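Undergrad: structure of the sequence below:
(one chain, ligands or ions: 1)
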Amino acid sequence: MRRYEFDACLPEGTTQEQVYDEVGDVVQSALDGYKVCVFAYGQTGSGKTHTMVGSDNAPGLLPRCARQMFAGGDSKGNVAVRCQILELYQDNLVDLLHSGSKGSALTIRRDASTGNVSVENAETVTCTDADALLDVCKKAFSRRATASTKMNVESSRSHLMLMFSTEHVADNTGAISKGKLTLVDLAGSERVKKSGAEGKLLDEAKAINQSLSALGDVVSALTKGEKHIPYRNSRLTQLMSDSLGGQAKTLMIVNVSPLGEDSSETKNSLDYASRVKLVTNDASKSIETKTVLALKKEVDELKKKLSSK
Ligand SMILES: Nc1ncnc2c1ncn2[C@@H]1O[C@H](COP(=O)(O)OP(=O)(O)OP(=O)(O)O)[C@@H](O)[C@H]1O
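TA: The predicted structure is shown next:
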């Protein structure tokens, strides 16, 4: 018998609403200017997509977070959300919001002022209400199916990244909080030996294991307080680099199977989660008050004047 300690344990029969009750505070944090990430980890079929996205009958975290983002939470004001939705298959990025033929190369960049990671040349759609945002996600998911068919891949073999950069202007003060909510549905974590994968399936499994072990290495370096954190070892960790360690709030959901025959996968997932739990972040938020905004404007004008001389 092994004991694990986590912040919450949601047993069989937990409703989608109860899951959101545990997790939903992340939305307010993003609106307050924090970088927040929720990611689901676990073996294939354990319910990651059900938890993160859900269905029309049982909406998961995505639709609930989307509604809450525009409901304003405790702090009323105007909210705009810039969305990028990507799939990572064998360390290749696929832009799920780009409907045309192949565009310019997708490059992962970190914004120097906000620290936000985004993907250069990926389609970015700005939404100002929940229905628009959920429509965008729906389109992305239908493209995921098409892209998957073209690449001859099942969606469960790829990581799904939903990146929402939030800009919240508070009604009373006019202060602008720039946050980010990232939802990640990771590819299934099952072991190659057990699934007996060969050929393309083996390549896929290797790529998944590589990216998940790169994620584990980043977590391990963070927990040991190492100077060098190997974010650049995989695109997955590059994309999640603004959410792991540093100033972000990160929430991991581990989906596990109750079946006895899956016990070794369950143990692996729980061991992995125990390592992740050791990471301590030092969350900080990004708010630009009216004064800061006015000063920034003044600096920009002075810079312009200087360069025109
Ligand atoms: N708590 C639950 N209640 C009802 N149905 C569930 C629940 N969890 C998962 N399911 C169902 O089980 C099936 C597998 O779940 P899901 O696709 O979410 O797994 P997954 O972990 O995302 O798998 P993969 O890694 O292959 O993408 C789906 O049909 C899903 O609707």
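
Undergrad: every contact and neighbour count from this point should use C-alpha atoms.
TA: Will do.

Undergrad: now the helices for the stretch 151-300 of the chain?
TA: Using DSSP state H, counting those that start in this stretch, the helices of the stretch 151-300 of the chain run over 192-195, 199-223, 235-239, 263-277, 290-308.

Undergrad: give me the contact list for the last one.
TA: It refers to helix 290-308. Residues outside helix 290-308 that contact it (C-alpha atoms under 8 Å, 6 or more residues apart in numbering): 173, 174, 175, 176.

Undergrad: separation between the second one and residue 168?
TA: In this view, residue 174 and residue 168 are 9 Å apart by C-alpha to C-alpha, to the nearest Å.

Undergrad: what mean pLDDT does stretch 46-60 have?
TA: Stretch 46-60 carries an average pLDDT of 94.

Undergrad: poorly predicted segments of the stretch 151-300 of the chain, please.
TA: 151-155, 190-198, 279-293 (pLDDT under 70).

Undergrad: show me what from the stretch 1-150 of the chain comes close to the ligand.
TA: Contact residues, the stretch 1-150 of the chain versus the ligand (C-alpha under 6 Å from any ligand atom): 43, 44, 45, 46, 47, 48, 49, 50.

Undergrad: so which of these is surrounded by the most neighbours?
TA: Neighbour counts for these peak at residue 48, which has 26 neighbours (criterion: other C-alpha atoms under 10 Å).

Undergrad: so for residue 174 and residue 168, which sits in the more crowded spot?
TA: More crowded of residue 174 and residue 168, by other C-alpha under 10 Å: residue 168, with 27 against 16.

Undergrad: so the closest residue to the more buried one other than its chain neighbours is in which element?
TA: Once flanking residues are discounted, residue 168 sits nearest to residue 79: 4.6 Å by C-alpha to C-alpha, 6 or more residues apart in numbering. Using DSSP states H and E, residue 79 maps to strand 77-89.

Undergrad: so what does that strand touch, helix or strand wise?
TA: Packing partners of strand 77-89 (3 or more C-alpha pairs under 8 Å, 6 or more residues apart in numbering; DSSP states H and E): strand 92-95, strand 125-127, helix 130-150, strand 159-170.

Undergrad: give me the distance from the first one to the chain's centre.
TA: This points to strand 92-95. 15 Å (C-alpha atoms, centre = their mean, to the nearest Å).

Undergrad: same question for the second one.
TA: The chain centroid and the centroid of strand 125-127 are separated by 17 Å under C-alpha atoms, centre = their mean.

Undergrad: ok, now which ones touch the nearest residue to residue 62 once chain neighbours are set aside?
TA: Using C-alpha to C-alpha, 6+ apart and skipping residues adjacent in sequence, the residue nearest residue 62 is residue 53, 5.1 Å away. By C-alpha under 8 Å, 6+ apart, the contact list for residue 53 reads 59, 60, 61, 62, 63.

Undergrad: so which of those comes closest to residue 258?
TA: Nearest to residue 258 among the contacts of residue 53: residue 60, at 20.2 Å, using C-alpha to C-alpha.
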